[in-house]
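Colleague: what shape does this take:
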Amino acid sequence: MKRQTRIESQHKEEHHAAAHEELSKEAVRDFATPEEMLRHDALHTPVPPKLAERLRDSIGSVPAAPRQSWWRKLLGLDP
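Modeller: Numbers count the residues shown, from 1 in each chain. Reported below is the predicted structural model:
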């Protein structure tokens, strides 16, 4: 019985070491700017379906702003 416990304990330690190594590989990521970190996070974090649906509904009810030429904005001319 003692041998089986030792084997189970050894197996758990190996599994824990492998999991820790995998986490440390992912954790070694250096970002130059906060914006870069946010972009990385946005690409790797899935949006929950209910939240995406609520966002689409919310954006759908807002009318689109009229587009203005960049040169009119630069010169301060209103259409």
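
Colleague: CA only for contacts and neighbour counts going forward, please
Modeller: Fine.

Colleague: point out where this structure drops to low pLDDT.
Modeller: Low-confidence regions of the chain, defined here as pLDDT under 70, cover residues 1-12, 14-27, 78-79.

Colleague: one more time with 90
Modeller: 1-30, 59-79 (pLDDT under 90).

Colleague: ok, which stretches of it are helices?
Modeller: 2-27, 34-44, 49-60, 70-75 (DSSP state H).

Colleague: from Thr45, how far off is Glu53?
Modeller: With distances taken as Cα to Cα, to the nearest Å, Glu53 is found 16 Å from Thr45.

Colleague: tell me which of the two has more neighbours.
Modeller: When neighbours are counted by other Cα atoms under 10 Å, Glu53 and Thr45 differ, and Glu53 comes out ahead with 12 against 8.

Colleague: so how far is Arg39 from that one?
Modeller: Counting by Cα to Cα, the gap from Glu53 to Arg39 is 21 Å.

Colleague: Asp30 now?
Modeller: For Asp30, the distance to Arg39 equals 13 Å [Cα to Cα].

Colleague: same deal with Ser58?
Modeller: From Ser58 to Arg39 the distance is 23 Å (Cα to Cα).
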